[in-house]
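# how would this look folded up:
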Amino acid sequence: MRKPSPYLWFIAPAVIVILAVIVFPWAFTLWMSLFEWRIGSKATFVGLTNYTDLIGNRRFLESVAHTLIFTAAAVAAPLVLGTAAALVFHQKFFARGLLRAAFVLPMMATPVAIALVWTMMFHPQQGVLNYLLSLVGIGPSEWVYSPRLAIACLVMVDVWQWTPLVMLIVLGGLASLPTESFEAAHMEGASRWQTLRHVTLPLLMPFVLVAAVVRMIDALKTFDTIYVITQGGPGTASETINIYLYLQAFSFFQIGKASAVVVVFFVLVIALSWLLFWLRERSKYYE
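Got it, this is the predicted structure:
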């Protein structure tokens with residue numbers, strides 16, 4: 001029988017940390033999702049009842065829809081704006097470094113601080129946004145206090161903060177692109193637009209998809225900004241899965257139901273991440 005390698009002892013601490021920090025919490029969450037467990041009362045095994053209840057729970061389904069809408073918009077807009085900004089900042093012009101630094105400043109602030117500032121800006125009576133609208137003859141808006149506009153306003157805040165991250169990722173991709181393709185396009189007499197469309201963007205696609213994965217995961221788990229600005233309101237107009245989960249666990253103290261929501265949310269994140277990685281593998285850069 002082959003003796004175990006002595007080097008296994010070197011990875012033992014890492015394995016223990018992974019088991020304690022990642023594997024055990026997930027296993028415990030999955031176990032709790034099978035129980036009807038309210039804080040202060042005895043846990044009762046109910047099997048998959050918590051999951052079947054979610055299927056017929058209109059408020060939960062609405063929170064899933066809000067999450068998907070918010071995530072789609074909060075990923076698509078920064079990808080377009082961040083890629084455009086990267087293409088601009090990749091060029092050489094006066095004060096490029098200073099403008100780059102100014103562009104990434106929103107990413108440096110904490111989400112709660114940003115949420116508080118935007119909350120004041122969104123105020124219907126005293127907010128600066130309605131004041132700016134009045135300067136161009138447009139009437140005041142309710143912003144996050146309107147059920148129709150709440151999610152759009154939250155997307156605007158998220159896009160403002162995280163577009164610089166996409167720009168940095170794509171900018172790194174631009175710096176690593178092979179020059180041969182551009183030289184060949186120049187020799188063929190391709191215009192700037194043709195080079196951008198048929199050379200630059202296809203080569204950048206893997207980096208754009210990496211940025212999409214990062215932004216998607218971050219947008220899906222957005223909690224602090226939404227909670228500080230709207231707390232899921234008005235009513236439940238901006239209630240995402242994270243807000244719904246928080247209320248189930250810490251307002252209604254339904255630990256079993258909240259655990260089931262966590263499991264469903266985890267499956268959703270894995271599925272969407274797999275889809276984006278699959279698209280990345282099929283990008284033209286690897287063909």
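# CA only for contacts and neighbour counts going forward, please
Will do.
# From residue 184, how far out is residue 200?
Distance of residue 200 to residue 184, computed by C-alpha to C-alpha, to the nearest Å: 12 Å.
# Compare these two and say which is more crowded by neighbours.
Taking other C-alpha atoms under 10 Å, residue 200 and residue 184 do not tie; residue 200 has more neighbours (18 against 13).
# For the nearest residue to residue 122 once chain neighbours are set aside, give me the backbone phi and psi.
Excluding the flanking residues, the one nearest residue 122 by C-alpha to C-alpha, 6 or more residues apart in numbering is residue 143, at 5.9 Å. Torsion angles at residue 143 (phi, psi; degrees, to the nearest 10) stand at phi 50, psi -120.
# So what's the residue count around residue 143?
Other residues within reach of residue 143, judged by other C-alpha under 10 Å, total 21.
# Check the one 4 residues further on too.
Applying other C-alpha under 10 Å, we find 16 other residues in the vicinity of residue 147.
# residue contacts, it?
233, 234, 235, 237, 238 (C-alpha atoms under 8 Å, 6 or more residues apart in numbering).
# pretty sure the second one is touching residue 146, no?
Yes. Because the distance of 6.8 Å satisfies C-alpha atoms under 8 Å, residue 234 is recorded as touching residue 146.
# quick revisit: would you confirm that the residue nearest to residue 122 contacts residue 153?
Yes. The pair residue 143 / residue 153 is scored as a contact, 6.5 Å apart, by C-alpha under 8 Å.
# Against residue 227, how distant is the residue nearest to residue 122?
16 Å.
# quick revisit: please identify which of the contacts of residue 147 is nearest to residue 207.
residue 238 (30.7 Å; C-alpha to C-alpha).
# Assumed the closest one was part of a strand.
No. Assessed with DSSP: H, G, I helix; E, B strand; the rest coil, residue 238 is coil; it does not lie in a strand.
# Please look at it and residue 68 and confirm they touch.
No. The criterion here is C-alpha under 8 Å, and residue 238 misses it with residue 68 at 11.4 Å.
# And the pLDDT at residue 152?
On pLDDT, residue 152 comes in at 95.
# element containing it?
Under the criterion of DSSP states H and E, residue 152 resides in helix 150-176.
# Return the set of buried residues in that helix.
By 16 or more other C-alpha atoms under 10 Å, the buried positions in helix 150-176 come out as 150-171, 173-174.
# go on, stretch 173-189?
For stretch 173-189, by 16+ other C-alpha under 10 Å, it's 173, 174, 182, 185.
# Fine, thanks again, bye for now.
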